[in-house]
Structure formats: structure tokens, C-alpha cells
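In: Give me a model of this one.
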Amino acid sequence: MRYGLLIFIGWLGCCSVSYGAFDSASTKGNCSPIINGGSVTITCIDIPEKALAQLNELLNAPEKWDQVYDSARTIRNLNDSIETKNEKLHRTELTLQEKIAEAEKWAQGYKELESRLQAEDDNELSKQALAALQAGDLNKAGELLDKLIAQREQTVDKMVDKVASDHSNRAKVFRLQFNLTQALLHAEKAYRYRPENIDYALAYAYLLQEQNQHAQAISIYEQNLQLLRDKGDKEYVARTLNNLGVLYGDTQRLKEAEASYQEALTTYRDLAKANPQAYSSKEYVAMTLNNLGILYKDTQRLKEAEANYQETLTTYRDLAKTNPQAYSSYVAMTLNNLGGLYYETQRLKEAEAGYQEALTTYRDLAKTNPQAYLPDVAMTLNNLGALYYKTQRFKEAETSYQEALITYRDLAKANPQAYLSYVAGILNNLGVLYKDTQRMKEGEASYQEALTIRRDLAKANPQAYRKDLADTLWNMAVLLYYTQDKKAKIRPFVDEVVTLYRELWQAYPELYARRFSESLFLNALTFPPEDTETRCALLREAWQVAPSEKLKTAILDQDKGGHCKLPAPEK
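Out: Reported below is the predicted structural model:
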């Protein structure tokens with residue numbers, strides 16, 4: 001029996017990297033890390049020291065990230081496996097790259113708010129709120145704005161514009177504090193007071209989008225798209241179209257997603273032609289091409305996906321010629337995306353070439369900024385390991401996995417919540433490799449360590465990690481089944497894996513029917529033939545759940561005497 005040994009699904013052939021919604025203009029390069037021993041501080045150009053202290057405190061506050069983790073990243077690593085798309089991963093710590101991306105957004109929001117308060121020079125409370133902001137006291141700035149709102153709402157009929165502006169400012173303070181719920185409430189009030197104000201409308205829609213209120217966000221973006229067209233604001237038309245593309249994709253309106261991305265792409269191309277020296281227009285062309293590439297890949301339009309990835313790569317290569325520090329990592333990211341596409345379409349030489357170039361680039365970047373780029377080095381090593389495994393180059397696979405493992409272990413020492421799951425994933429991959437090369441003791445040891453980590457992760461967050469735990473339990477059970485002197489140890493692993501896959505199947509029947517059926521099937525095979533009642537009960541349930549005729553036939557073959565009275569599969 002050799003059903004579906006899992007090789008860390010979600011990394012194998014790895015990651016397509018996509019771009020989320022755009023809020024406001026790019027601020028690439030304004031924020032950077034200062035690394036002192038084991039501690040990392042983010043600094044940003046033109047942000048006062050006290051305000052930066054507040055930013056770093058928030059970036060390291062675990063309680064903030066359960067609610068804003070997805071929206072915190074300008075670039076989101078999206079696993080290709082269906083399972084992980086349906087089970088949102090919650091984390092309470094950010095990698096350095098994610099902190100820098102969020103800091104860029106934070107710094108821009110800070111500068112926008114500072115500019116707005118400076119324009120309110122006729123109001124004492126606004127001046128005090130500005131001083132509090134510059135001192136890094138966001139709580140005080142918010143309290144002062146609350147007082148101002150209370151004052152002005154008493155005569156709101158006479159000063160609607162001022163009240164709307166105050167609520168917009170208050171929303172920005174809450175956003176700087178990563179309090180998206182309160183930010184949304186005030187952004188909505190600003191929008192309700194002045195729905196014709198495009199800035200308020202787009203800020204409200206973006207906050208709705210960040211909090212997965214898709215229908216409302218789509219409605220507001222669609223309402224304001226024509227206003228932006230009428231104004232001739234091509235950049236904001238393109239941003240809105242990109243955001244709609246993301247939302248349409250998230251809600252499976254794939255034709256509309258494609259149309260939005262295509263129009264955004266055309267608009268960004270026009271902007272880039274009009275100003276070929278502007279980095280931002282070229283960058284947004286590449287971002288939109290990348291998003292389209294992922295959409296095409298997800299809908300099996302693989303030639304179009306490849307064409308988009310290739311043009312994305314060409315664009316980033318051109319940008320990297322004049323600004324390698326800013327864009328080399330994007331070249332490597334796109335090479336990884338292409339590698340994943342080639343891996344899935346069996347163009348393995350091209351996949352290897354893409355991964356190797358990406359690895360070289362990430363290694364070079366990691367020399368000067370290890371904390372930012374070592375995770376990418378490890379990810380790409382894993383991708384290469386999976387490719388070598390697939391092509392039976394087992395020594396090279398082991399070498400790649402082992403280096404990835406060492407890297408993730410080092411990263412996990414400083415940031416366990418962010419990287420322990422990756423340590424477990426590599427251990428799982430090594431276990432599969434060792435099992436298939438008959439190194440059963442090493443395979444068992446790798447699975448055992450992976451299980452220890454994944455049990456701890458699943459205790460703290462079962463929704464995020466029970467699937468990973470079930471996968472490694474399954475791999476361990478299969479290894480023990482094929483190791484004669486260890487068969488007696490299989491029972492607790494099989495029982496636990498059946499329980500976990502049953503829970504996953506009940507929540508996501510289409511996704512987990514095969515694995516649940518296989519776990520029942522394996523469980524049945526661990527009972528002696530004379531225990532007909534137990535074996536038949538498990539085989540009957542496995543047969544009922546099995547999603548394919550091939551699996552049903554395999555189950556039927558175990559009922560040689562027909563004792564279980566399983567129906568023959570359809571032909």
C-alpha cells in the first residue's frame with residue numbers, strides 16, 4: 001500500500017507570491033532594520049524617534065497580529081495547496097520582511113496624518129493632537145481628536161466637512177495602532193458624512209477589504225471607479241482595479257478578477273510609457289502581471305501564466321539593473337514562481353534553473369541582510385530539495401533539505417513562533433526521503449521530532465496546525481506499517497490520525513475525503529484477518545468515503561472472501 005505519502009504540501013513546487021490590495025503610494029526603501037545582536041529595530045526616514053519607538057513596540061506586540069496578520073504584508077506568500085487556502089494560518093510574530101513591509105505602510109500613514117493635522121492650524125486641539133503624534137503618544141493624539149469630534153458634532157450641520165475630516169484622522173490614528181476595528185468605524189463615519197469624497201471612500205473600502213468584508217468593499221470600489229475615471233486619475237483607477245481584482249479573486253468571480261487586472265495592467269503600462277523613468281509605474285506593471293500569472297495558474301491557463309511570469313521577470317530584471325538593492329529580491333521571487341510553474345508542468349530542468357538562480361540571488365542578499373533573506377534562502381533550498389526528490393536525486397535532495405533545516409533551526413532560536421512550523425515541515429520532508437531510501441530509523445527520528453513540534457503548535461492553535469499534525473502522523477503510520485519490527489508501535493498513530501482526518505473531513509469533506517478514507521483503510525489493515533468485525537467496519541466506512549473508483553477498488557481487494565459485503569465499484 002503506497003497511497004499519497006505527503007511531502008509538506010504547500011511548499012512542494014512552492015510558492016506563488018502575490019500582491020495584496022494597494023492602499024496608497026509606494027514608499028519602497030523608506031524603512032530598514034537595525035540589527036544589534038539578537039534584537040531588531042525598524043527605522044524609517046523622516047519619522048520622529050519617539051514615534052518610531054511606538055511603531056517598534058506595536059510591531060512586537062503579539063496580541064495585535066492575530067487580527068492583522070494577513071493585511072500586514074505587502075507581499076503575501078500564498079501556498080498553492082487547497083488545504084492551506086481553506087485553513088487560515090494565524091501567527092503572533094512577524095518575520096523581518098513582514099515587519100519592514102508593515103513599517104513602510106505605517107510610516108506613510110503617519111506622514112499623511114501629520115500633514116492633515118498640520119493643515120488644521122486654526123484649531124488648538126488639532127495642534128495638540130499633532131504634538132502628541134510627533135511625540136509618539138498615539139493614545140493622547142486619539143483622545144484629543146475624540147474631544148474635537150465631540151465639539152464639532154454639536155454643530156455638525158454647519159461643519160460637516162470638518163467633522164468628516166476629524167473622523168478620517170481618528171481612523172488613521174487607530175490604523176497606526178493596528179486597531180482595525182475602531183479604524184473602520186471612524187472611516188465609515190467619514191464616508192457617511194461625505195460619500196462623494198473619493199479619499200474617504202477608498203480608505204473605507206480598503207479597511208473593509210483588510211477585514212475580509214468583501215461584498216461591502218466591492219460595492220464601494222465599484223461606486224467610485226467611475227468617479228475616478230471621470231476625474232482622469234489613472235493611477236487611482238489602476239489601484240482600484242487591482243483591489244477589485246484581488247476581491248473578485250477571493251470571492252471566486254474569476255472572470256471579473258481577470259478583467260480588472262487586465263484593465264489595471266493596461267493603465268499602468270500607459271503610465272509607464274508616459275513616464276518611463278518612474279520606478280513606481282514599472283513596479284506596478286510587474287505586480288499586476290504577477291497577480292494575473294497566479295490567477296492563470298490557479299485556473300490552469302498555464303501558458304498564459306508563464307507568459308505573465310516571464311514578463312514580470314523581465315520587468316524586475318530591468319528595475320534591478322539600476323536599483324539592485326530594491327528589486328533583486330523581486331527577481332528571485334519571480335524565479336521561484338516560475339520554478340513552481342515549471343515543476344507542476346514537468347519542465348524540471350527549467351524549474352531547477354529558476355530555483356538555482358533564485359537561490360544565488362537570495363544568498364547574495366543574505367550576506368548583507370541575513371535576517372531579511374535567510375528565510376528565502378531556506379524556502380528555495382526546500383523547493384530544490386523537492387525537485388531533487390522528484391527526479392530521484394536523493395543525495396542532492398538530502399543536502400538541500402539539511403541546509404534548509406539548519407537555517408530554519410537558527411531562525412527559530414530567535415523567533416520560534418514564526419519559524420518552528422518550517423522546521424517541522426523540513427523534518428517531515430526528510431522523513432519522506434529517508435523512508436523512500438530505506439533509512440527507516442532516520443525517517444522515524446525525523447517524523448518524531450516533527451510530531452513533537454506540531455503537537456505543541458496544534459495545542460496552541462488547532463485550527464492552523466491540526467492538518468500538519470495529521471499529515472506527519474499519517475507519514476509515521478505508513479513508515480511503521482512497512483517496518484516489520486515496528487508494526488506493534490503503529491496503533492496510537494493510526495488511531496490519532498483517523499480522529500484528526502475525520503475532523504478535517506467533517507469540516508471540509510471535498511478536501512479531505514481521500515485522506516480520511518486512506519487512514520481508515522490503513523487502520524483496517526493493522527487488525528488481524530480473524531478480527532473480521534473491526535476490519536469490516538473500517539473497510540466499509542473507508543469505501544463509503546472514498547472519492548475515487550481506484551481507491552474503492554483497492555479497498556475492495558482487501559475483502560477477498562467478501563465477508564464485508566462491499567459493493568463492486570462502478571465501471
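
In: Can you show me the helices along the stretch 301-450 of the chain?
Out: Along the stretch 301-450 of the chain, counting by DSSP state H, counting those that start in this stretch, helices occupy 302-322, 324-344, 348-368, 370-390, 394-414, 416-436, 440-460.

In: Make a markdown table out of these and add distance to residue 473 and mean pLDDT.
Out: Placement of C-beta: from N, CA and C, glycine included. Formatted as a markdown table, those follow (distance: least, Cβ to Cβ, whole Å; pLDDT from 0 to 100):
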| stretch | distance to residue 473 | mean pLDDT |
| --- | --- | --- |
| helix 302-322 | 34 | 93 |
| helix 324-344 | 26 | 90 |
| helix 348-368 | 30 | 94 |
| helix 370-390 | 21 | 91 |
| helix 394-414 | 20 | 95 |
| helix 416-436 | 11 | 92 |
| helix 440-460 | 7 | 94 |
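
In: Which one of those helices lies nearest to residue 153?
Out: Set against residue 153 and scored by Cβ to Cβ, the helices of the stretch 301-450 of the chain come closest in helix 416-436, at 42.5 Å.

In: and the closest one, how far from the chain's centre?
Out: Centre-to-centre, helix 416-436 and its host chain are 19 Å apart (Cα atoms, centre = their mean, to the nearest Å).

In: what angle sits between it and helix 370-390?
Out: For helix 416-436 against helix 370-390, the angle by axes from the mean of the first three to the mean of the last three Cα atoms, to 10 degrees is 20 degrees.

In: Same question for helix 416-436: list its buried residues.
Out: For helix 416-436, the neighbour count (16 or more other Cβ atoms under 10 Å) marks 417-436 as buried.

In: Quick one: neighbours of residue 192, just the number.
Out: Applying other Cβ atoms under 10 Å, we find 12 residues neighbouring residue 192.

In: Also residue 527?
Out: 18.

In: And residue 46, by the same measure?
Out: Neighbourhood size, residue 46 [other Cβ under 10 Å]: 9.

In: check contacts around residue 173.
Out: Residues near residue 173 by Cβ atoms under 8 Å, 6 or more residues apart in numbering: 113, 133, 138, 141-142, 145.

In: Please repeat the previous calculation with a cut-off of 10 Å.
Out: Counting by Cβ atoms under 10 Å, 6 or more residues apart in numbering, residue 173 touches 109-110, 113, 117, 129, 132-133, 138-146, 179, 182-183, 186.

In: Give the ChimeraX command for selecting the buried subset of those residues.
Out: Buried members of these can be picked out in ChimeraX with the line below, counting by 16+ other Cβ under 10 Å:
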select :109,110,113,117,129,132,133,138,140,141,142,143,144,145,146,179,183,186
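
In: Check which helix or strand the nearest residue to residue 234 once chain neighbours are set aside maps to.
Out: Spatial nearest neighbour of residue 234, excluding adjacent residues (Cβ to Cβ, 6 or more residues apart in numbering): residue 267 at 5.3 Å. Using DSSP states H and E, residue 267 sits in helix 254-274.

In: Which neighbouring elements make contact with that helix?
Out: Contacts defined by 3 or more Cβ pairs under 10 Å, 6 or more residues apart in numbering; DSSP states H and E place helix 254-274 against helix 214-231, helix 234-250, helix 279-298, helix 302-322.

In: thinking in terms of the whole chain, how far from its middle is that helix?
Out: Averaged C-alpha coordinates place helix 254-274 at 23 Å from its chain's average position (Cα atoms, centre = their mean).

In: so who does the residue lying closest to residue 446 once chain neighbours are set aside touch?
Out: When the adjacent residues along the chain are set aside, residue 446 lies closest to residue 431, with 3.8 Å between them (Cβ to Cβ, 6+ apart). Going by Cβ under 10 Å, 6+ apart, residue 431 touches 5, 7-8, 439-440, 442-451, 472, 475-476, 479.

In: Buried ones among those?
Out: 7-8, 439-440, 442-444, 446-447, 449-451, 472, 475-476, 479.

In: Run through the helices of the stretch 101-250 of the chain in chain order.
Out: Going by DSSP H, counting those that start in this stretch, the stretch 101-250 of the chain shows helices at 124-134, 138-153, 160-176, 180-193, 198-210, 214-231, 234-250.

In: Next, the contact list for the nearest residue to residue 193 once chain neighbours are set aside, please.
Out: Nearest residue to residue 193 in three dimensions, chain neighbours excluded: residue 164, at 3.8 Å (Cβ to Cβ, 6+ apart). If you count contacts by Cβ under 10 Å, 6+ apart, residue 164 has them with 152, 156, 189-195, 197, 200.

In: same thing with residue 267?
Out: 234-239, 241-242, 281, 284-285, 288.

In: coming back round to it: so which of the helices of the stretch 101-250 of the chain comes closest to residue 333?
Out: That would be helix 234-250 among these, by Cβ to Cβ, at 17.6 Å.

In: Mind listing what's buried along the closest one?
Out: By neighbour count with 16+ other Cβ under 10 Å, helix 234-250 contains the buried residues 234-249.

In: Looking at those, which is nearest residue 560?
Out: residue 249 (49.2 Å).

In: Can you redo the helices and strands packed on helix 254-274 as CSV, where the extra columns are distance to residue 460?
Out: Formatted as CSV, the helices and strands packed on helix 254-274 follow (distance: least, Cβ to Cβ, whole Å):
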stretch, distance to residue 460
helix 214-231, 29
helix 234-250, 27
helix 279-298, 30
helix 302-322, 36
